[in-house]
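J.: need coordinates for the below:
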Amino acid sequence: MEKDMGEEGGCFHEATIMGQDGIPRTVRVPVVQELARQGLKFLPERFIKARNPSHGANITLPMFPSINMAKLGQQAEPGVRAQELAQLASCAKEWGMFLVTDHGIHPSVVHGVKDVVQGFFRLPLEEKRASVGSYASIDNMGYGRNFVKSEDQPLDWIDRLAMKAAPKGVDEGLLVWPQKPPNFRQVMAKYVDQGRKLCDHLLQALAEALSLSPHDFIQNFDPEWSEINVRVNYYPPCPQPELALGITPHSDASGLSLLTQFGCSGGLQVLKGLNWVTVPWPCDELLVNVGDLLEIMSDGRLKSPWHRVVAIEKERFSVALFYNPPCSTDIQPVEDGDGAYKKVVVGDYVRHFYEISPTLEKQAIAYAKKA
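T.: Just a heads-up that it's a prediction; the model follows:
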């Protein structure tokens, strides 16, 4: 279990890592929010990131592909729906991520998520610690930070809060849901329920957009046992954002990832060719990522994007829902593709993903590719 610690000159999480000699040891990891509160002028050395020299310049787009979910509904005029399906196929293939509008999640639900998340992070550190546990050994759940695997690992400029929202009972015995604000879980559960419906709609629409059966993807997502993990990412203002990253480059080990953001926009980048492209993502739109598991299911028709978050000078929050089939599910790539991917067990793939992460390039997916 990960602990939070206070110490003269700063506050720390305490994490257990495996040393090169195979012996577990404890390391201290600064609480980024507490560092930011000190009004730092310079970035602590542990947060300075080396950039991959094979990746080129940063590019900013004026707009990013957006899908109107209402136009994908069965009630939509056939010609309009066909056009939106074509747009969905195009942006999902080209970028592996896209914005969604008219998605059916009421603005009050999203605003409620914003209120409880900001309410939690406004608490003093000791109240946050008393409100929720931290479990580094159980999918990194609870309050703390992203995975720490070595003492010399450059750290992300982020604090996080992670919870298991589905299936029911999966978090029994774990204090992973904040007790403050008192309505945190109720508000988040409502968002998760509506987010699941949106993801189910998208899974069917994506299959149809790729000229597959609408059931080819969603058949892997059992309504009772599919998994939804929630991760809140908090990025405090960074004193030297050009030197830091909010999240190290990665793909998502999910089927689909659904994200909302607030505080401010900016920071999300996706790798296109050899260049990092800043995603223009308005705060009033949701963003969808194709995950590794959907890449496998689609036999590579869709690719999970390699993306990162750069640090910025302003406070920013994002909330991600990671939607996965049950961990015991065998996912089989659809037929009539290139046949480059093989059947894998969801839980086996996810464990492999986290065992080797972080990596400089997209490597985990090789686990699911035929030799």
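J.: burial of E224, as a residue count?
T.: 8 (other CB atoms under 10 Å). The C-beta positions use only the backbone N, C-alpha and C, and glycine is treated the same way.
J.: tell me which element it falls in.
T.: Using DSSP states H and E, E224 sits in no helix or strand.
J.: low-confidence ranges, the protein, go.
T.: Flagging of the chain using pLDDT under 70 yields the residue ranges 1-10, 14-17, 51-57, 135-140, 145-146.
J.: repeat the analysis, applying 80 as the threshold.
T.: Within the chain, the ranges that satisfy pLDDT under 80 run 1-10, 12-27, 50-57, 134-140, 145-152, 173-174, 337, 371.
J.: how about the helices in it?
T.: 32-37, 78-95, 107-121, 125-131, 184-209, 215-218, 292-297, 346-356 (DSSP state H).
J.: what comes up buried for stretch 115-132?
T.: Within stretch 115-132, the residues scored as buried using 16 or more other CB atoms under 10 Å are V116, V117, G119, F120, F121, L125, K128, R129, S131, V132.
J.: nearest to A253, out of the helices of the chain?
T.: helix 346-356 (4.0 Å; CB to CB).
J.: any idea how far the closest one is from the chain center?
T.: Chain-centre distance of helix 346-356: 15 Å, with CA atoms, centre = their mean, to the nearest Å.
J.: and which of the buried residues of stretch 115-132 is nearest to P237?
T.: F121 (12.9 Å).
J.: the closest one contacts Y234, correct?
T.: Yes - assessed by CB atoms under 8 Å, F121 is found in contact with Y234 at 5.3 Å.
J.: and for these two, which residues touch both?
T.: Q33, D159, F317 (CB atoms under 8 Å, 6 or more residues apart in numbering).
J.: need these in CSV with distance to I228, can you?
T.: Below are the shared contacts of F121 and Y234 laid out as CSV (distance: CB to CB, whole Å):
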residue, distance to I228
Q33, 26
D159, 21
F317, 19
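J.: most neighbours, which of those residues?
T.: D159 (24 neighbours).
J.: quick check: bridge partners of that one?
T.: Beta-bridge partners for D159, by DSSP bridges, are Y234.
J.: residues contacting it?
T.: So D159 contacts V31, V32, Q33, F121, Y143, G144, R145, Y234, P236 (CB under 8 Å, 6+ apart).
J.: distance of it from G246?
T.: When CB to CB, to the nearest Å is the yardstick, D159 and G246 sit 10 Å from each other.
J.: now do Q75
T.: Q75 is 40 Å from G246, by CB to CB.
J.: with neighbour numbers in mind, choose between the two.
T.: Taking other CB under 10 Å, Q75 and G246 do not tie; G246 has more neighbours (25 against 7).
J.: distance of the more buried one from I312?
T.: Distance from G246 to I312, by CB to CB: 8 Å.
J.: now do the shared contacts for the two.
T.: With CB under 8 Å, 6+ apart, G246 and I312 have common neighbours Y235, C238, G267.
J.: between these, identify the one with the most neighbours.
T.: Y235 (31 neighbours).
J.: quick one, what contacts that residue?
T.: W157, I158, G246, G263, G267, V309, A311, I312, E315, R316, F317, S318 are the contacts of Y235 under CB under 8 Å, 6+ apart.
J.: V279 versus that one, what's the distance?
T.: Distance from Y235 to V279, by CB to CB: 15 Å.
J.: ok, L203 next?
T.: 22 Å.
J.: same question, L85
T.: 22 Å.
J.: check Q269 too.
T.: From Q269 to V279 the distance is 7 Å (CB to CB).
J.: those two: which has the busier surroundings?
T.: Q269 (24 against 21).
J.: the more buried one reaches T278, doesn't it?
T.: Yes - between Q269 and T278 a contact is recorded at 5.3 Å, counting by CB under 8 Å.
J.: which neighbours do these two share?
T.: The contact lists of Q269 and T278 share N58, V310, where a contact means CB under 8 Å, 6+ apart.
J.: show me the contacts for N183.
T.: V116.
J.: try 10 Å
T.: By CB atoms under 10 Å, 6 or more residues apart in numbering, the contact set of N183 is G112, D115, V116, G119, K190.
J.: give me the spatial nearest neighbour of M69, chain neighbours excluded.
T.: Distances taken as CB to CB, 6 or more residues apart in numbering put H103 closest to M69, at 4.6 Å, once the chain neighbours are dropped.
J.: number of residues surrounding the residue nearest to D299 when sequence neighbours are not counted?
T.: Spatial nearest neighbour of D299, excluding adjacent residues (CB to CB, 6+ apart): G337 at 3.2 Å. Other residues within reach of G337, judged by other CB under 10 Å, total 14.
J.: quick one, what contacts G337?
T.: L210, L212, S298, D299, G300, R301.
J.: make TSV out of these and add neighbour count.
T.: TSV is the format used below for the contacts of G337 (neighbours: other CB atoms under 10 Å):
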residue	neighbour count
L210	20
L212	20
S298	23
D299	19
G300	18
R301	21
